[in-house]
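Colleague: got a predicted structure here, sequence first:
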Amino acid sequence: QVQLVESGGELVQAGGSLRLSCAASGRTFSSLSMGWFRQAPGKEREFVAAISPSGGGTHYADSVKGRFTISRDNARNTVYLQLNSLKPDDTAVYYCAARPYLAVTTTTTSSYIWWGQGTRVTVSS
């Protein structure tokens, strides 16, 4: 069992930046592939970014490529999502997810086992 707790979401103006964090516990963090997803009001949950257990591999949705950066600190059992150049369309609840040794190119929600409760990001125009 893995527990995931996200933080860092808040209201920000368009063009601004945020850093989201996801703290994990309950399993060897360095064995987990980590992903970030988001869900906007009235829309399905969608893939944002993923990172391999070592941090050496990353993958991004086209909509965030070049603006968002996923990283991890295995010593702190934490994965981060740096959000830059934010747009109103980035408004959503952001979730982190985990699964042991999943390919970073996997983007489906059903592929991940454990999920956090989400942190809300609101981007004003």
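Modeller: Arrived safely. Residues are numbered from 1 along each chain as shown.

Colleague: and Asp89, that's in a helix?
Modeller: Yes. Counting by DSSP: H, G, I helix; E, B strand; the rest coil, Asp89 is found in a helix.

Colleague: renumber starting at 464 from here on
Modeller: Will do, 464 is the new start, and the previous item becomes Asp552.

Colleague: who does the spatially closest residue to Trp578 that is not a sequence neighbour form a beta bridge with?
Modeller: Nearest non-adjacent residue to Trp578, counting by CB to CB, 6 or more residues apart in numbering: Ala560, 5.0 Å away. Every C-beta, even on glycine, is put in place using the N, C-alpha and C of the backbone. Going by DSSP bridges, Ala560 is paired in beta bridges with Gly498, Trp578.

Colleague: count of neighbours near Ala560?
Modeller: By other CB atoms under 10 Å, 25 other residues sit near Ala560.

Colleague: which parts of this protein are strands?
Modeller: Using DSSP state E, the strands of the chain run over 466-470, 474-476, 481-488, 495-502, 509-514, 521-523, 531-536, 541-546, 555-563, 577-578, 582-587.
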